[in-house]
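Asker: coords please:
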Amino acid sequence: MILSSATHTLNLTTSSTSEVDVTVSYLDITSSSLTPAAQDSQIVTATTTQICDAPAASTQRQIKVITVINTGTASNSITIVKTTSGVFTLYKTVLQAGQSAVYSIDGGWQRFDSNGTPITEPASKVGIQTGYSTYYLKTGTAPEAAGVPYLFAKDAGMPGAMTVSSVGINGESWSNAKAGCIPVTTGSGTLYLSSLSVTANQTGMYGLLDILWMNSGINVTTLTAQAITPATAAARDNNGTSNGLGVIPAIYVSAATTNAGAIANMTLSYTNQDGTAGRVATMPSFPATCVIGSIVLFNLAGGDNGCRSIESVTLGTSLVTGTVHLVLVRPIVFGPVLIANIGYCTSVSDYKSVKIFPNSFLTPWAIPTGTSATTISGVANFVEV
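Answerer: Model (predicted):
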């Protein structure tokens with residue numbers, strides 16, 4: 001749980017006058033420091049209380065623990081919301097006298113009775129409507145190099161291969177109406193990722209990302225800025241909007257380039273998650289003769305936490321030949337395969353922390369430790385609430 005802007009806060013609404021004591025412990029993160037702190041509240045009215053203030057400018061506030069205990073003598077219905085550009089409900093429950101609710105970064109939300117014993121809710125009680133699993137298998141080609149991200153969307157398997165965008169420089173919103181993504185089915189509720197398992201024949205970091213926007217038509221030999229009037233990206237940022245929070249711009253290679261050396265002067269002009277235009281993202285190094293499937297991420301400008309749209313790209317150095325695309329992606333989950341063919345499984349203890357928005361284009365990706373062609377397989381488990 002992150003407060004990533006000087007306008008983001010946490011608020012708690014109570015339904016009665018039964019006293020509620022609240023402590024929010026957090027870590028403030030800047031480019032040069034980590035500062036732990038806490039904020040305490042004692043609430044004795046039916047009201048809305050700001051239980052965690054907004055962070056300072058250029059600071060991310062990572063919420064570590066939230067403790068809410070009903071120290072009064074009557075029941076109290078509590079609702080915790082995150083306020084950003086809108087109001088987003090994070091958790092709601094009814095606490096009887098003496099009961100408490102605790103959020104931790106590792107364990108998610110848990111209720112406790114008056115003796116401190118965890119309260120286990122049946123699935124029907126917490127609102128799970130349905131759940132399903134999706135198996136995927138991809139046979140990749142050789143990645144560029146250790147540490148260079150690789151996208152399996154182009155590869156054969158389950159699901160089948162993606163067809164890249166051909167609409168031109170201004171791009172298009174990307175969704176699961178396109179072929180090549182892991183199936184995502186949403187009914188009347190909200191879908192969450194509950195666990196992911198992955199195995200691969202090469203060690204590295206493996207996970208899922210969502211493609212929100214893609215373009216085509218970049219001239220690989222033009223060294224000056226190539227202007228873009230971008231189509232709006234899909235409304236699937238961290239908040240389910242098109243504002244871009246948590247969204248990263250990248251170059252995706254669909255046909256290998258032939259530049260003789262690494263390129264360190266590639267930039268793009270973009271609008272950040274708060275709507276500030278003219279921000280400049282840089283690419284530390286675009287590889288020489290970059291192979292198909294590579295997805296090379298840009299570094300955002302200092303203090304930014306996402307990219308809403310791209311207005312121009314400057315390659316700086318000719319790629320000579322090949323085909324590349326700008327993409328906007330939202331990383332979903334990542335974990336390590338430490339031994340070849342011995343996978344990992346991540347179980348999201350508070351499954352409501354990883355929301356999968358309707359029409360998501362989910363695809364596997366990796367940061368490999370070598371250049372061996374990689375076959376991956378895994379199972380993604382979802383629940384709908």
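Asker: part of a helix, is Ala153?
Answerer: Yes: the assignment for Ala153 by DSSP: H, G, I helix; E, B strand; the rest coil puts it in a helix.
Asker: surely it meets Ser165?
Answerer: No: the pair Ala153 / Ser165 is not scored as a contact, 11.7 Å apart, by CB atoms under 8 Å. Quick note: C-beta positions are derived from backbone N, CA and C, even for glycine.
Asker: So between these two, which is more surrounded?
Answerer: Using other CB atoms under 10 Å as the criterion, Ala153 and Ser165 rank with Ala153 on top: 28 against 21.
Asker: got the contact list for Thr241?
Answerer: Neighbouring residues of Thr241 by CB atoms under 8 Å, 6 or more residues apart in numbering: 85-86, 235.
Asker: any idea which of those is closest to Pro118?
Answerer: Using CB to CB, Gly86 is the member of those that lies nearest Pro118, at 32.1 Å.
Asker: gap between the residue nearest to the closest one when sequence neighbours are not counted and Asp304?
Answerer: The spatially closest residue to Gly86, leaving aside those adjacent along the chain, is Asn239, at 7.3 Å (CB to CB, 6 or more residues apart in numbering). For Asn239, the distance to Asp304 (CB to CB, to the nearest Å) stands at 15 Å.
Asker: Just the pLDDT for the nearest residue to Thr71 once chain neighbours are set aside.
Answerer: Using CB to CB, 6+ apart and skipping the chain neighbours, the partner closest in space to Thr71 is Glu19 (4.8 Å). pLDDT for Glu19: 96.
Asker: Next one: Glu19 from Asn70, what distance?
Answerer: 7 Å.
Asker: out of these two, which sits in the busier spot?
Answerer: Of the pair Glu19 and Asn70, Asn70 is the one with more neighbours under other CB under 10 Å, namely 24 against 18.
Asker: How many residues are close by the spatially closest residue to that one that is not a sequence neighbour?
Answerer: Excluding its sequence neighbours, the residue lying closest to Asn70 (CB to CB, 6+ apart) is Leu95, at 4.0 Å. A count of nearby residues for Leu95, using other CB under 10 Å, gives 24.
Asker: before we move on, back to that, spell out which residues sit in contact with the residue nearest to Gly86, please.
Answerer: Residues near Asn239 by CB under 8 Å, 6+ apart: 84-86, 88, 245.
Asker: how close does Thr139 get to Asn201?
Answerer: Counting by CB to CB - Thr139 and Asn201 are separated by 10 Å.
Asker: what sits in contact with each of those two?
Answerer: Both Thr139 and Asn201 are contacted by Thr375, under the criterion CB under 8 Å, 6+ apart.
Asker: and the contacts of Asn239, which are buried?
Answerer: 84, 245 (16 or more other CB atoms under 10 Å).
Asker: Would you convert the contacts of Asn239 into TSV that also reports secondary structure, pLDDT and distance to Ile310?
Answerer: TSV is the format used below for the contacts of Asn239 (DSSP: H, G, I helix; E, B strand; the rest coil; pLDDT from 0 to 100; distance: CB to CB, whole Å):
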residue	secondary structure	pLDDT	distance to Ile310
Thr84	coil	87	22
Ser85	coil	80	21
Gly86	coil	82	24
Phe88	strand	86	26
Leu245	strand	94	16
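Asker: ok, of the contacts of Asn239, which one's closest to Ala281?
Answerer: Nearest to Ala281, judged by CB to CB, of these is Leu245 at 15.5 Å.
Asker: partner residues bridging the closest one?
Answerer: Gly306 (DSSP bridges).
Asker: my read: Thr83 touches Leu12, true?
Answerer: No: under the criterion of CB under 8 Å, Thr83 is not in contact with Leu12, lying 11.3 Å apart.
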